[in-house]
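Undergrad: here is my input; please provide its structure:
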Amino acid sequence: MTQAIRFHETGSAQVLKLEDVEVGEPGPGQARVRHSYIAVNFIDIYFRTGRYPLALPSGLGSDAVGVVEAVGPGVTDLRVGDRVGYLIGPQGAYSQARVMPAEVLIPLPGGISDRSAATLMMKGMTVQYLFRQVYPLKGGETILYHAAAGGVGLIACQWARAMGVTMIGTVSTDEKAAIAKANGCTHTIVTSRENIAQRVRELTDGKGVPVVYDSVGKDTLEASLDSLQPRGSLVSNGTSSGPVVIDTRLLAAKGSIWLTRPTMMHYIQPRAHMLEMARELFDHVLAGRIVSEPQQSFALADAAEAHRALEGRKTTGATVLVP
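TA: Next up is the predicted model:
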């Protein structure tokens with residue numbers, strides 16, 4: 001037996017309960033992983049509240065690191081004792097240990113600690129697919145990135161700096177603005193007192209930006225559209241304030257705007273591609289171009305408290321659970 005966070009109904013953070021669960025031996029193509037750190041991502045809240053439906057009762061979480069305890073028949077590229085991380089697969093990462101499909105497990109380089117890796121799997125790989133695949137940045141661009149002081153945002157700040165990209169980042173407070181700038185964000189817009197689109201036009205000599213990465217959604221849609229150049233691209237990579245609902249005629253009126261709502265699953269497969277994405281991310285980390293450590297840690301039993309902090313915008317950077 002081991003312990004895991006489960007929920008039997010959707011709702012507020014109080015639905016998350018620590019329960020005893022049985023973890024069996026891995027079957028063919030599987031491995032059992034003992035977790036050292038578990039990442040908390042905003043998408044976990046979408047599952048908990050029912051925005052993204054799950055069959056209940058259910059575990060929660062898709063992103064963790066740990067050590068391989070056992071491997072099933074047919075697994076040839078992993079061994080007991082290997083350090084691994086993962087970011088896709090069935091929900092249930094909020095647990096002390098679990099059985100996983102071996103094909104989703106990513107070996108961790110020796111120069112990257114478990115603690116650091118826990119902030120890199122989902123968040124770092126998200127920046128990789130946004131910056132290198134969805135709208136491939138080449139260097140020299142000026143971009144608008146919402147929630148620049150969040151867990152994904154701080155990695156985005158550093159990756160942009162490493163590529164020579166001028167990043168304009170939105171944040172909610174002056175404190176978060178300072179954190180984003182310290183991580184490489186060129187300009188910040190404090191949304192509580194500044195007009196986003198107006199500041200973007202000022203910072204770009206009226207031109208606007210070629211791409212906006214918007215994880216906020218409903219509340220920032222208008223500002224994002226008004227910040228774009230003609231034929232610019234709006235990458236709607238999250239909806240923390242609510243879903244984006246748009247009349248496509250508005251895209252024409254705003255300058256023949258391209259709109260995409262990408263999801264990781266369509267950019268990370270097959271396994272060989274996933275490993276190449278991870279290699280690019282880890283190369284930046286090992287070279288010191290990206291530094292990422294958890295800014296908040298909670299015990300596994302306190303997962304509900306971690307969710308309340310994230311929903312209340314009381315966090316900066318990455319948050320992890322410790323089993």
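
Undergrad: so I106 makes contact with A278?
TA: Yes. Counting by C-beta atoms under 8 Å, I106 touches A278, with 5.0 Å between them. Just so you know, the C-beta spots here come from the backbone N, C-alpha and C atoms, and that holds for glycine as well.

Undergrad: surely A70 touches L78?
TA: No. Using C-beta under 8 Å, A70 makes no contact with L78, being 10.1 Å away.

Undergrad: mind telling me what element the most centrally placed residue in the chain is part of?
TA: Taking C-alpha atoms, centre = their mean, the centroid of the chain lies closest to K123, which sits 3.4 Å from it. Following DSSP states H and E, one finds K123 within helix 121-129.

Undergrad: and for L321?
TA: strand 318-322.

Undergrad: picking that back up, and the contacts of the helix holding K123?
TA: If you take C-beta atoms under 8 Å, 6 or more residues apart in numbering as the criterion, helix 121-129 is touched by 39, 41, 62-65, 85-87, 106, 151-152, 155-156, 159, 237, 262, 264, 267-268, 277-278, 280-281, 285, 290, 292, 318.

Undergrad: one more pass at 6 Å, please.
TA: The contact list for helix 121-129, computed with C-beta atoms under 6 Å, 6 or more residues apart in numbering, reads 39, 41, 63, 85, 87, 151-152, 155-156, 159, 267, 277, 281.

Undergrad: gap between that helix and the chain center?
TA: The chain centre lies 6 Å from the centre of helix 121-129; the measure is C-alpha atoms, centre = their mean, to the nearest Å.

Undergrad: go on, stretch 266-285?
TA: 14 Å.

Undergrad: and that stretch, what's buried?
TA: For stretch 266-285, burial by neighbour count (16 or more other C-beta atoms under 10 Å) applies to Y267, I268, M274, M277, A278, L281, F282, H284, V285.

Undergrad: contacting residues around the second one?
TA: Applying C-beta under 6 Å, 6+ apart, we find I268 in contact with M274.
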